[in-house]
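1. next comes the sequence, and after it the predicted model I'd like to discuss.
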Amino acid sequence: MISGMYAAYTAGDRAAVDARLDPEATVWDSAADPLLLGRSDLERLRDERPAPGSGPVETGLDAYDPVVDVFGDTAVLRYWLRVDFVPGPDGAPSRPELVRNTAVLRRDADGGWLIVHLHEDVRQPGGVPAVGV
């Protein structure tokens, strides 16, 4: 579920990302202060993001170390997300971004899972020159 969402994000497939999110999902996005309430807030944030090529270029996402608890039709997933970036203009490696995440999922009518809440917490900002690497 989560790996598929990040694969869709990497592929630029917004519809496939959204298919994993409940339309009323709430999100604490790492790039925004207010709690996003549903698809319209998420779309607004997406539209406000810098255009591609105006910042560090991502080369990959890796969700790892998942911890999952299922309580009937509700699941809580905690995991780390590593975002890698291309080297800087001088060829020096860029530091990865490390993000702690918590996702709350609910089983839908078809037995699949939808994310109803996602909380991102950047622990190490990335896309800047790596020091001591």
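-> Arrived safely. Numbers count the residues shown, from 1 in each chain.

2. mind listing what the closest residue to D108 other than its chain neighbours touches?
-> Nearest-residue entry for D108: L114, 5.3 Å, with adjacent residues in sequence omitted and distances by C-beta to C-beta, 6 or more residues apart in numbering. From N, CA and C alone the C-beta is placed, and that goes for glycine too. Residues in contact with L114 (C-beta atoms under 8 Å, 6 or more residues apart in numbering) are R20, L21, D22, A25, L105, R106, D108.

3. tell me the secondary structure at L114.
-> strand (DSSP: H, G, I helix; E, B strand; the rest coil).

4. how much space between it and A8?
-> 14 Å (C-beta to C-beta, to the nearest Å).

5. same question, V57
-> 18 Å.

6. what about these two, which has more around it?
-> A8 (17 against 13; other C-beta atoms under 10 Å).

7. picking up where we left off before, please pick the buried ones from the contacts of L114.
-> Buried residues within the contacts of L114, counting neighbours by 16 or more other C-beta atoms under 10 Å: R20, L21, D22, A25, L105, R106.

8. beta partners for the nearest residue to the second one once chain neighbours are set aside?
-> Meaning L21. Distance criterion C-beta to C-beta, 6+ apart; nearest residue to L21, sequence neighbours excluded, is I115 at 5.1 Å. On the basis of DSSP bridges, I115 is bridged to L21, L105.
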